[in-house]
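Student: sequence plus the predicted model coming up.
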Amino acid sequence: TSGTWTTAIEAGVVEHKPIEDCTQDDARRIYEKFYWFPWLQIDDARVATKLFDAGVNNGVGTAIRLAVKALNLYGNNLTVTSIWTGEIRDIVNACAPEKYNACVALCMEERYWNIVDKDVCDNGVNYVWDQNTWASLMAALNDRDENSISVLKKFIKSQGWKLGQLDFLKGWLKRARRLP
C-alpha cells in the first residue's frame, strides 16, 4: 500500500521515488524488512510461508495473533498477543507442520468471515447467522460447482451483501488451499 511505501522510504529501505517506480528488488526488500522477520525463526518453510502470507494480508501483528490462536486450536492455552516471543516460536516449531498449518488456515478463515460479517452489520444488514447458514455458505464456497456459487450469489444478494465480499472470500479460500 502507499502507507507501506512511505514507511519504507522513511526507514531507508527504498529510495525516495514514486510508488509506480517500485522495482522487484524494492518489493523484496520491503517484504523482508516488514513482513518476513518474525518467521525467519520458524524451522519449517511451509509454516513460515503460511504465516508470512498472513502477515502480508493482515499485518504482522494480526498474523502473530493468528499464530497464537492457531496454537490454542492445536491444544495450547496461551494468551493471544501480537508480540512474537521465543516461547511462541518454540511452541510453533514443536508442532507438526501440516496439522499446525491447518489450524492457521482455520483461524484465517474465521478472521475473514468476521471481517465480512462486520461489514454486513456496518452496512445495516440485520441477519442472524446460525450454524447451518454458515455451514451452507462454507460448503458452497468450497464447492467447485459453479451452480452452487450461483445459488450462493443469489442468496447473498437477497441478504444485502455485496458480491465483492463473496468473490473476496472465494479467492482467499482458493489461495489459502494452494499455500504449503
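Tutor: It's in. Residues are numbered from 1 along each chain as shown.
Student: in the protein, what spans have low per-residue confidence?
Tutor: With pLDDT under 70 as the threshold, the chain has low-confidence stretches at 116-180.
Student: what are the boundaries of the helices in it?
Tutor: Read by DSSP state H, the chain holds these helices, from start to end of the chain: 2-10, 24-30, 45-58, 60-74, 86-94, 97-122, 131-142, 146-158, 163-178.
Student: residues touching the shortest one, excluding its own?
Tutor: Read that as helix 24-30. Contacts of helix 24-30 with the rest of the structure, by Cβ atoms under 8 Å, 6 or more residues apart in numbering, involve 4-5, 8, 13-14. Where you see a C-beta, it was placed from the backbone N, CA and C, and this is true even at glycine.
Student: CA atoms of that helix as PDB?
Tutor: Taking only C-alpha atoms (Å, rounded to 0.1, in the frame of the first residue of the first chain), the coordinates of helix 24-30 have been written out as PDB:
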ATOM      1  CA  GLN A  24      11.000  -6.200  -7.800                       C
ATOM      2  CA  ASP A  25      14.100  -5.600  -5.700                       C
ATOM      3  CA  ASP A  26      12.400  -2.800  -3.800                       C
ATOM      4  CA  ALA A  27       9.400  -5.100  -3.200                       C
ATOM      5  CA  ARG A  28      11.700  -7.900  -2.000                       C
ATOM      6  CA  ARG A  29      13.400  -5.500   0.500                       C
ATOM      7  CA  ILE A  30      10.100  -4.300   1.800                       C
END
